[in-house]
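**Student:** Below is the sequence, then the predicted model.
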Amino acid sequence: MNSGTFQKKTVFKAKVYRIPALFYDTERETLLAFAEQRETTADTSTKNLVMAKGKVSRSERSIQWTEPEEVKEAHLDGHRPMNPCPVYDKKNSKLFLFFICIEGKLSDWDQIDKGTNKTRLCYITSEDHGDNWSEEVTDLTDKLDEIKDWATFAVGPGHGLQTESGRLIVPVYAYNSCCPSSCFCFVKRCCTKPYVLALYSDDSGVSWQFGKMLQTISVECQMAEFFDEGNKSIIYCNARSEGGYRVEAASGNDGGDFSQLCGAEKLVETCGGCQGSVVSFPAQSEGENAEGEQKENQNKWLLFTHPSYKCKRINLGVYLNKSPKSPSAWSKPWIINHGPSGYSDLAYIGGGWFACLMECGETKETEQIASVVFSYKDIEPCITDSCLCHCL
């Protein structure tokens, strides 16, 4: 494994924070970071969603963050908000912040065992780059028939995307039960399994619908767009799994349905699983322009972050894939955080540069959420070395 030394910048720390999500505002050249504020590290203790804004300094490889503020509008009475998932509509310059709201202190397994789905699908919007949010929460739960058949579900967590054609896509995973609610709870747990799918809109968020579930057990997920040899859009999905490797899938109809990609044995899954992040970005050429910046073209590559150690959540790695249709093309990991590392979210910030928001700490990964900035030039030598070692 290769690694680099970077300036980590704390974003959320004074209290208990988990589940990072990141959005890069190209108009203001500002990052918006979201997370859950909790009473403890337990999922059932979430209190509210918080946000911070960051200005990137590429020369200093750092981000200057504002103090975290509660996103008070992301709230339903009697429910706790979870899994922030921002997605931006370029046509109307509108930012959607999706999240789920779960009744009281119910966990996923409480809902599965009792046969009662108490999770709601919500979003708020901002038309001024996160300075102000819509006062009312939009609750889509009762407008989407599929939800009533699910044991429970969640979005992301982490960023959504807008395709080149304009479709807004929010990654989702849902527990689809084959048991009636009267079944004994342990039977329900055995037959209630999670599967990923896309929630999408073709009218800038006026209406939303679900695609079909991937027919492979898969959990927390993110999606990215790339193009095949015929310039056809492909939606790539990377999901947490219950096995030893990540689940990778692709859709040729903008997320309408997904098929699992064969040979996905390069990206290891940690014991018990962990969320990971993926983004697509313009393929980088070998040369530089007059300003010394990396040249870009219209092809797309993929970048992925995830703890690189198979047995526990440590050493957050960055993986590169220059042939997105081939899971065997993933590079070895380049470590951007040594030690305890958990959930992460990536953002491409242009010019071959990236920002990553990640859970990390000295003794456990839930101590803080921090950011790092790096460029493709940082990755390239390491990837070349990895490829040579692999070939030898």
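**Tutor:** Structure's in. What do you need? Note that the structure is a prediction, hence the values are computed from the model and not measured.

**Student:** Could you verify that Lys72 is part of a helix?
**Tutor:** No. Lys72: not assigned to a helix; according to DSSP: H, G, I helix; E, B strand; the rest coil it is coil.

**Student:** all helices of the stretch 1-150 of the chain, in order?
**Tutor:** For the stretch 1-150 of the chain, the helices defined by DSSP state H, counting those that start in this stretch occupy 108-114.

**Student:** Show me where it dips below the pLDDT cut-off.
**Tutor:** Within the stretch 1-150 of the chain, the ranges that satisfy pLDDT under 70 run 1-6.

**Student:** Could you rerun that using 50?
**Tutor:** Confidence mapping of the stretch 1-150 of the chain against pLDDT under 50 gives the ranges 1.

**Student:** Same check on the stretch 201-350 of the chain?
**Tutor:** Residues of the stretch 201-350 of the chain meeting the criterion pLDDT under 50: 289-292, 294.

**Student:** ranges for the strands of it?
**Tutor:** Ranges of strands within the stretch 201-350 of the chain are 209-210, 221-227, 233-239, 247-251, 259-260, 277-288, 294-307, 314-321, 334-350, based on DSSP state E, counting those that start in this stretch.

**Student:** What is the end-to-end distance of stretch 346-360?
**Tutor:** 15 Å (C-alpha to C-alpha, to the nearest Å).

**Student:** er, stretch 309-327 I mean
**Tutor:** End-to-end span of stretch 309-327 (C-alpha to C-alpha): 19 Å.

**Student:** how far out from the middle of the chain is it?
**Tutor:** Centroid separation between stretch 309-327 and its chain, computed with C-alpha atoms, centre = their mean, to the nearest Å, is 14 Å.

**Student:** Which residues belonging to it are considered buried?
**Tutor:** For stretch 309-327, burial by neighbour count (16 or more other C-beta atoms under 10 Å) applies to 309, 313-322, 324, 327. C-beta: built from backbone N, CA, C; applies to glycine.

**Student:** now the residue nearest the centre of the chain, what's its secondary structure?
**Tutor:** Residue closest to the mean C-alpha point of the chain, counted by C-alpha atoms, centre = their mean, is Gly158 at 3.1 Å. Of the three states, Gly158 takes coil under three-state DSSP.

**Student:** nearest residue to it other than its sequence neighbours?
**Tutor:** Spatial nearest neighbour of Gly158, excluding adjacent residues (C-beta to C-beta, 6 or more residues apart in numbering): Asp345 at 4.2 Å.

**Student:** Which strand residues bridge the one you found?
**Tutor:** Beta-bridge partners of Asp345, counted by DSSP bridges, are Leu357.

**Student:** tell me the contacts of it?
**Tutor:** Taking C-beta atoms under 8 Å, 6 or more residues apart in numbering, we find Asp345 in contact with 20-22, 157-159, 277, 356-358.

**Student:** Weed out the non-buried ones from those residues.
**Tutor:** Buried by 16+ other C-beta under 10 Å: 20-22, 157-159, 277, 356-358, out of the contacts of Asp345.

**Student:** what about Thr270, distance to Lys312?
**Tutor:** 6 Å (C-beta to C-beta, to the nearest Å).

**Student:** and if you look at Cys262?
**Tutor:** 28 Å.

**Student:** Repeat that for Lys90.
**Tutor:** For Lys90, the distance to Lys312 (C-beta to C-beta) stands at 39 Å.

**Student:** cool, and Asn48?
**Tutor:** Per C-beta to C-beta, Asn48 is found 29 Å from Lys312.

**Student:** likewise Pro282?
**Tutor:** Counting by C-beta to C-beta, the gap from Pro282 to Lys312 is 35 Å.

**Student:** quick one: Ile217 and Glu242 touch, right?
**Tutor:** Yes. Judged on C-beta atoms under 8 Å, Ile217 makes contact with Glu242 at a distance of 5.7 Å.

**Student:** Next, count neighbours for Val170.
**Tutor:** Applying other C-beta atoms under 10 Å, we find 25 residues neighbouring Val170.

**Student:** Name whatever forms a beta bridge with it.
**Tutor:** Applying DSSP bridges to Val170 gives these bridge partners: Leu199.

**Student:** from memory it sits against Val196, does it?
**Tutor:** No. Using C-beta under 8 Å, Val170 is not in contact with Val196, being 11.4 Å away.

**Student:** overlap in contacts of these two?
**Tutor:** Counting by C-beta under 8 Å, 6+ apart, nothing touches both Val170 and Val196.

**Student:** just to revisit the earlier point, export the strands of the stretch 201-350 of the chain to CSV and tack on distance to Phe12?
**Tutor:** CSV is the format used below for these (distance: least, C-beta to C-beta, whole Å):
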stretch, distance to Phe12
strand 209-210, 31
strand 221-227, 20
strand 233-239, 24
strand 247-251, 29
strand 259-260, 35
strand 277-288, 17
strand 294-307, 18
strand 314-321, 16
strand 334-350, 12
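
**Student:** so who does Ala239 touch?
**Tutor:** 173, 196, 214, 218-221, 246-249.

**Student:** Pick the one among those closest to Asn83.
**Tutor:** Nearest to Asn83 out of these is Glu220 (C-beta to C-beta; 8.5 Å).

**Student:** Count the neighbours of the closest one for me.
**Tutor:** Glu220 has 24 neighbouring residues, counting by other C-beta under 10 Å.

**Student:** Cys274 now?
**Tutor:** A count of nearby residues for Cys274, using other C-beta under 10 Å, gives 22.

**Student:** Check Thr44 too.
**Tutor:** Counted by other C-beta under 10 Å, the residues lying close to Thr44 total 16.

**Student:** Can you verify my assumption that it contacts Glu103?
**Tutor:** No. Proximity of Thr44 to Glu103 does not meet the contact threshold set by C-beta under 8 Å, at 11.0 Å.
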